[in-house]
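Q: Just need the structure, nothing else, for what follows:
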Amino acid sequence: MANHSQSGFAPLRVREFRLLFIGLVFAQALMPLQFVTQIFWVQDGVSNEQRILFIGLIGTTRGVGALIFGLFGGAFSDRFDRRRLLITTQSTAFALNIGVAIVMWFSDGGPIGLALFFALTFLASSMWAVDMPTRQAILPDIVGPAMAPGAIALTSAGAQVAAPVSIFLSGFFVDTFGFSQTYLISTAGHVAAVITLLAMNYRTPLRAGADGTRYGARRTLADVREGLVFARGNSTLLWVFLLLSSIMVFGFPAVANLGPTWITTVVGVSYRNFGFVAIFWGGSAFIASMLMTRFAGFSRKGLLLAGGSVLFAGGFCVFSTGTVAGAIIGNVMLGCGMSTAQISAAALVQHIAPNEVRGRMMSILWLNMGLAQVMTFPLAGLAQATSLRLLFPLLAVFLAVTVLIVVATRPQVRRARVIEETAGGAVATAG
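A: As a prediction, this is how the structure comes out:
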């Protein structure tokens, strides 16, 4: 067996990974600032009778973009130079989010402004749907399969380093500078990501058209279909996807997308003090990511995935009590559970999937986020028809039961391992 004593932080010795890591820290750390600002802008701009529906529509708009472009993004990352693809997605996302800031500046929440706002949000989320599976698929190419679990955990930890700060400052920035200016600040992350990507020397060994054929729509669809067949044919992969989907589809839309509204309305926390509650999610997620980095050599990633999923479901139950203490403790459990589950699932998928389909497998994993966002609008509709106070506890109990059933009845998930062999490289097993 390989020596794991320093595997967690070893990828930082690789120049190309350091550059990718720095860009990721800036790009993803400011994403919470974007999303919270969008929620507060809509929350202030529409009537109380429509507020929850429009807030739910933000997440659903992002989700539709992620679903439409997600699988194609994975196919592109398996065919084209991954570094150039990342430069394209980050540059385009920067331009689109500048457009969102402009809309926030000039619009008072009228129909035209809202239409432009949701259109730009849809397109920007589409860029992230291509960016994320490509970014994860590139890691084993840069650091090698042996250090890939550590690289996954490090990228997650890096994304969480400044995320608690941006979450904490989001309400304060909105209250002090306004919506448009706060959103404009958040676009600096895209600029930093592009600069670090330009400095990289890495080029993907895969090339479009290497077999002499033109890479068009038909070939893209064939690649997507091939990826879905591969995922369906591997029992461990399939249930890893389904377990992560359960917490993302039934839990994430409520606690993340409707969570700021829950905290500022049901719990009764002001915008300015919102960060004091929300920071516990980001802080616990960072701590969990650092622990996953430190113990990246722990092979039983399936057990960690199961434990993280159970912790997230339990956190949702606590969060749904409707008190400040419940929101704080729930956020700790939610952040820790989500990071543990996502990092473990990504490590398993990267090691099970060969390089030629890795981008498509990571895009299927990323589709969980798209499904979660799409579910936001239906859940918001239920909340608008009934109340958030009724919906949250019912949804939390349903998620807890679902997760416990999957964990108890699917041993291939609990037993899934990432095993590194000195001769054969890294492989994943289900036993």
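Q: give the contact list for residue 124.
A: With contact set as C-beta atoms under 8 Å, 6 or more residues apart in numbering, residue 124 has these partners: 65, 93, 96-97, 100. Where you see a C-beta, it was placed from the backbone N, CA and C, and this is true even at glycine.
Q: out of those, which is most surrounded?
A: For the contacts of residue 124, the largest neighbour count, defined by other C-beta atoms under 10 Å, is 27 neighbours, found at residue 100.
Q: What distance do you get for the nearest residue to that residue once chain neighbours are set aside to residue 107?
A: The shortest distance from residue 100 to any non-neighbouring residue, by C-beta to C-beta, 6 or more residues apart in numbering, is to residue 120 (4.9 Å). Distance check for residue 120 against residue 107: by C-beta to C-beta, to the nearest Å, it reads 11 Å.
Q: which SS class is residue 90?
A: Secondary structure, DSSP: H, G, I helix; E, B strand; the rest coil: residue 90 is helix.
Q: quick one: it and residue 187 touch, right?
A: No. Applying C-beta atoms under 8 Å, one finds residue 90 not in contact with residue 187, separated by 10.5 Å.
Q: Quick one: low-confidence residue ranges for this protein.
A: The chain contains residues with pLDDT under 70 at 1-8, 71, 159-165, 205-224, 419-431.
Q: Select the longest helix from the protein.
A: helix 111-143 (DSSP state H).
Q: got the buried residues for that helix?
A: Residues of helix 111-143 classed as buried: 113-114, 116-118, 120-143 (neighbour count, 16 or more other C-beta atoms under 10 Å).
Q: what about residue 90 and residue 187, which has more around it?
A: Between residue 90 and residue 187, residue 90 has the larger neighbour count (other C-beta under 10 Å), namely 24 against 19.
Q: so who does the closest residue to that one other than its chain neighbours touch?
A: Distances taken as C-beta to C-beta, 6+ apart place residue 193 nearest to residue 90, at 4.5 Å, with adjacent residues excluded. Residues in contact with residue 193, defined by C-beta under 8 Å, 6+ apart, are 23-24, 26-27, 86, 90.
Q: Relative to residue 155, how far out is residue 193?
A: For residue 193, the distance to residue 155 (C-beta to C-beta) stands at 12 Å.
Q: what touches both of the two?
A: Looking at what touches both residue 193 and residue 155 (by C-beta under 8 Å, 6+ apart), the common residues are residue 24.
Q: Of the contacts of residue 124, which belong to helices?
A: Taking DSSP H, the ones among these that sit in helices are 65, 93, 96-97, 100.
Q: The most centrally placed residue in the chain: which element?
A: The centroid of the chain falls nearest to residue 369 when counting by C-alpha atoms, centre = their mean (6.0 Å). Counting by DSSP states H and E, the secondary-structure element that holds residue 369 is helix 355-374.
Q: Report the buried residues of the helix or strand hosting residue 325.
A: Here residue 325 sits within helix 324-352, counting by DSSP H and E. Going by neighbour count (16+ other C-beta under 10 Å), the buried part of helix 324-352 is 326-352.
Q: and it, what does it pack onto?
A: Contacting helix 324-352 under the criterion 3 or more C-beta pairs under 8 Å, 6 or more residues apart in numbering; DSSP states H and E are the following elements: helix 111-143, helix 148-161, helix 235-250, helix 271-294, helix 301-319, helix 355-374, strand 417-421, strand 425-429.
Q: I'd like to know which of the ones you listed is closest to residue 174.
A: The closest approach between residue 174 and any of those, judged by C-beta to C-beta, belongs to helix 271-294 at 6.2 Å.
Q: Count the neighbours of the closest residue to residue 299 other than its chain neighbours for me.
A: Distances taken as C-beta to C-beta, 6+ apart place residue 417 nearest to residue 299, at 4.5 Å, with adjacent residues excluded. A total of 18 residues lie near residue 417 under the criterion other C-beta under 10 Å.
Q: Residue 417 contacts residue 297, correct?
A: No. No contact is recorded between residue 417 and residue 297 when judged using C-beta under 8 Å, the distance being 11.5 Å.
Q: mind putting the helices and strands packed on helix 324-352 in JSON lines, distance to residue 48 included?
A: What follows is these, written out as JSON lines (distance: least, C-beta to C-beta, whole Å):
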{"stretch": "helix 111-143", "distance to residue 48": "16"}
{"stretch": "helix 148-161", "distance to residue 48": "34"}
{"stretch": "helix 235-250", "distance to residue 48": "26"}
{"stretch": "helix 271-294", "distance to residue 48": "16"}
{"stretch": "helix 301-319", "distance to residue 48": "23"}
{"stretch": "helix 355-374", "distance to residue 48": "23"}
{"stretch": "strand 417-421", "distance to residue 48": "49"}
{"stretch": "strand 425-429", "distance to residue 48": "50"}
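Q: wait, which of these is closest to residue 42?
A: Residue 42 sits nearest to helix 111-143 of all those, at 8.0 Å, using C-beta to C-beta.
Q: That closest one to helix 324-352, inter-axis angle?
A: Helix 111-143 and helix 324-352 are oriented at 50 degrees to each other (axes from the mean of the first three to the mean of the last three C-alpha atoms, to 10 degrees).
Q: If I take helix 111-143 and helix 148-161, what angle do their directions form?
A: 140 degrees.
Q: Begin at 39 from now on, thanks
A: Yep, numbering from 39; the last one is helix 149-181 now.
Q: For residue 350, grab the count of nearby residues.
A: The number of residues packed around residue 350, counting by other C-beta under 10 Å, is 29.
Q: and it, what does it touch?
A: Applying C-beta under 8 Å, 6+ apart, the residues contacting residue 350 are 285, 289, 371-372, 375-376, 379, 441.
Q: one step back: wait, isn't the residue nearest to the centre of the chain in contact with residue 287?
A: No. Contact status for residue 407 versus residue 287: not in contact, 9.9 Å apart, counting by C-beta under 8 Å.
Q: Quick check: the residue nearest to residue 403 when sequence neighbours are not counted vs residue 395, distance?
A: Nearest residue to residue 403 in three dimensions, chain neighbours excluded: residue 387, at 5.4 Å (C-beta to C-beta, 6+ apart). From residue 387 across to residue 395, the span is 10 Å (C-beta to C-beta).
Q: just residue 283 next, same as before
A: 19 Å.
Q: Give me the more crowded residue out of those two.
A: The neighbour count for residue 283 versus residue 395, taken as other C-beta under 10 Å, is higher for residue 395 (21 against 17).
Q: Hmm, residue 264 and the more buried one touching each other?
A: Yes. A contact is recorded between residue 395 and residue 264 when judged using C-beta under 8 Å, the distance being 7.1 Å.
Q: Put the alpha carbons of stretch 432-452 into CSV.
A: Output in CSV follows, covering the C-alpha atoms of stretch 432-452 (Å, rounded to 0.1, in the frame of the first residue of the first chain):
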residue,chain,number,x,y,z
LEU,A,432,-41.9,17.6,6.8
LEU,A,433,-39.2,17.7,4.2
ALA,A,434,-36.5,17.2,6.8
VAL,A,435,-38.1,14.0,8.2
PHE,A,436,-38.7,12.7,4.7
LEU,A,437,-35.0,13.2,3.8
ALA,A,438,-33.8,11.6,7.0
VAL,A,439,-35.9,8.5,6.4
THR,A,440,-34.8,8.3,2.7
VAL,A,441,-31.1,8.5,3.5
LEU,A,442,-31.3,6.0,6.3
ILE,A,443,-33.0,3.5,4.0
VAL,A,444,-30.4,3.9,1.3
VAL,A,445,-27.5,3.6,3.7
ALA,A,446,-29.0,0.6,5.4
THR,A,447,-30.0,-1.4,2.3
ARG,A,448,-27.1,-0.6,-0.1
PRO,A,449,-23.8,-2.1,1.3
GLN,A,450,-22.0,-1.4,-2.0
VAL,A,451,-22.0,2.3,-1.0
ARG,A,452,-20.9,1.7,2.6
